[in-house]
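Q: Take this sequence and fold it.
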Amino acid sequence: MESKKRFTPAVTVILLFGIISLLGDVVYESARSVNSQYLNLLGVSAAKVGLVFGIGEFLGYFLRLIAGVWSDKSGKYWMFMFVGYGMLLVVPFMGFTMNWNILVVLILMERIGKALRNPAKDTVLSCVAENQVGVGFAFGLQEALDQIGAFAGPLIFTAVFYFTGKNGIVQYQIGYKWLFIAVIFLMLFLTYAYRRVKRDELIPAVAKREFQTEKLKPIFWIYTAFTFFCTLGFVNFSVIGYHLKDKGLMSDGNITLLYSVAMIVDAVTALFIGKAYDRIKAKTGKKTGGLLVLAAIPFITLLLPFLTLSGSIPLIIAGMMIFGIIMGTHETVMRSAIADITPFHKRGTSYGVFNTAYGLALFGGSALMGWVYDLNQTGIIIAFTGVSEVIAVLFYFMMNRMVKTSQL
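A: Numbering: from 1, shown residues only. Now for the predicted structure:
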């Protein structure tokens, strides 16, 4: 009886979405793990790489606000998903060019595709899960499968480097082209999920949203500011990967392997931090209580430039483990916290504002660090991270005080 319950049509569709997310991560996380090294091989400077990644991250988050509103107004969620996932095709096409201008366009298109599909996917997924199996279960499964994909994807390039015994431009291009297979399977699963949702009528008619005059509470803005400065000082993998390649500290295969291991750390952290978030929330008896789990993030972020931009392999590995812990915390607490500190009818706006701030921080941090790295001024990166994280700590104390006095 229990097994029958677990495989209702809703659970089947949620599993399908999990597989779709896994395949999506295989494609774009593979690319993210090697793009900076590939551009390095083509003679692109660290400043340009950092700028491109920064713009890409910013577009990926900022456009979600527009895509979310647009998909809500049109109701064409599936169209956004098919277009957004379809744009993953640009990744394997990277294997057909050595023109860095074209590569930059393809990298940005991949990020735009993610922005287009994510709000629509989350809307459809939550509709399927709500009142049937629970939204928490659905998003939890998504995150777990996401990270399996993020771990497995970069290993494709590791395998190419290992079996060919080379790590030149040709090998990178072979790795990109292999990703065609994952994209094809992804689109097949997406088509099947679409048919199952339609056939089983898993999405009820959605009532038209009414305009609400509720305002976002001050704790939302403080939380957003805290996250902004935490992320601004965060050393992105575009800079780390470039450093490892530029200094010849690791083989290309080991760089992608290291990124894969960091993604596993991300997945494990997500499970523990999610439980910690719920426990602290229950212990304080307040919906905002879970925010206190973020206390350690500014402090461990401070360690990143010292470790990941060093010349020591053990320190770099330790730094990448911390990188995974920070990423897992960001991705897990982000969705839960926004839902807990904002009124329901302002949630779409809240996610849009929050994602825009998060993307802006990634863009600013990546661009600045890439430019400074080109100047061989690692000390400035360390100082920049230090100032950002100190400001984040100040906002944390403000947030902590609000949690203690909050009635939420």
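
Q: From the contact counts, what lies against the host helix or strand of Phe226?
A: Following DSSP states H and E, the helix or strand that holds Phe226 is helix 218-232. Identification of packing neighbours for helix 218-232 by 3 or more C-beta pairs under 8 Å, 6 or more residues apart in numbering; DSSP states H and E yields helix 297-308, helix 313-341, helix 347-374, helix 378-405. All C-beta atoms are positioned from the backbone trio N, CA, C, and that covers glycine.

Q: Pull out the buried residues from it.
A: Using 16 or more other C-beta atoms under 10 Å as the burial criterion, the residues of helix 218-232 that qualify are 219-220, 222-232.

Q: Show me where the stretch 1-150 of the chain has its strands.
A: Assigned strands in the stretch 1-150 of the chain: none (criterion: DSSP state E, counting those that start in this stretch).

Q: Need the residue closest to the centroid of this protein.
A: Using C-alpha atoms, centre = their mean, the residue of the chain that lies closest to the mean C-alpha position is Glu331, 6.6 Å off.

Q: okay, now Thr8: neighbour count?
A: Other residues near Thr8 number 14, with proximity taken as other C-beta atoms under 10 Å.

Q: Can you tell me how far it is from Val128?
A: Distance check for Thr8 against Val128: by C-beta to C-beta, to the nearest Å, it reads 10 Å.

Q: do Leu23 as well
A: Counting by C-beta to C-beta, the gap from Leu23 to Val128 is 19 Å.

Q: again with Asp25
A: When Asp25 is compared with Val128 (using C-beta to C-beta), they lie 20 Å apart.

Q: Does Asp146 touch Leu22 like I think?
A: Yes. Using C-beta atoms under 8 Å as the test, Asp146 is close enough to Leu22 to be in contact (6.7 Å).

Q: per-residue pLDDT, the nearest residue to Gln173 once chain neighbours are set aside?
A: Closest residue to Gln173 apart from its sequence neighbours, by C-beta to C-beta, 6 or more residues apart in numbering: Gly95 at 3.9 Å. On pLDDT, Gly95 comes in at 93.

Q: now swap in the one 3 residues further on and tell me
A: The model reports Met98 with a pLDDT of 90.

Q: Tell me the backbone dihedrals of it, please.
A: In this entry, Met98 is assigned phi and psi values of phi -120, psi 10 (degrees, to the nearest 10).

Q: Skip the chain neighbours and tell me the closest residue to it.
A: Excluding its sequence neighbours, the residue lying closest to Met98 (C-beta to C-beta, 6+ apart) is Leu42, at 5.9 Å.

Q: where does the one you found sit relative to Thr97, distance-wise?
A: According to C-beta to C-beta, Leu42 stands 10 Å off from Thr97.

Q: Give the residues shared as contacts by the two.
A: Between them, Leu42 and Thr97 share the neighbouring residues Leu103, with contact defined by C-beta atoms under 8 Å, 6 or more residues apart in numbering.

Q: angle of the helix or strand that contains Thr269 against helix 313-341?
A: Secondary structure from DSSP H and E places Thr269 in helix 252-284. Computed by axes from the mean of the first three to the mean of the last three C-alpha atoms, to 10 degrees, the angle separating helix 252-284 from helix 313-341 equals 40 degrees.

Q: For helix 252-284, enumerate the helices and strands it packs against.
A: Looks like helix 252-284 contacts helix 9-41, helix 135-164, helix 237-246, helix 313-341 (3+ C-beta pairs under 8 Å, 6+ apart).

Q: and it, what's its mean pLDDT?
A: Across helix 252-284, the average pLDDT comes to 79.

Q: what's the burial count for the nearest residue to Leu89 once chain neighbours are set aside?
A: Closest residue to Leu89 in three dimensions, ignoring its sequence neighbours and counting by C-beta to C-beta, 6+ apart: Val183, at 5.7 Å. Counted with other C-beta under 10 Å, residues neighbouring Val183 total 21.

Q: For Val183, list the residues it contacts.
A: With contacts taken as C-beta under 8 Å, 6+ apart, Val183 has the following neighbours: 23, 27, 88-89, 91-92.

Q: for Asp252, same thing?
A: The contact partners of Asp252, taken as C-beta under 8 Å, 6+ apart, are 34, 37, 157, 161, 167, 171, 245.

Q: Spatially nearest residue to it, not counting backbone neighbours?
A: Residue nearest to Asp252 in three dimensions, not counting chain neighbours: Asn167, with 3.8 Å by C-beta to C-beta, 6+ apart.
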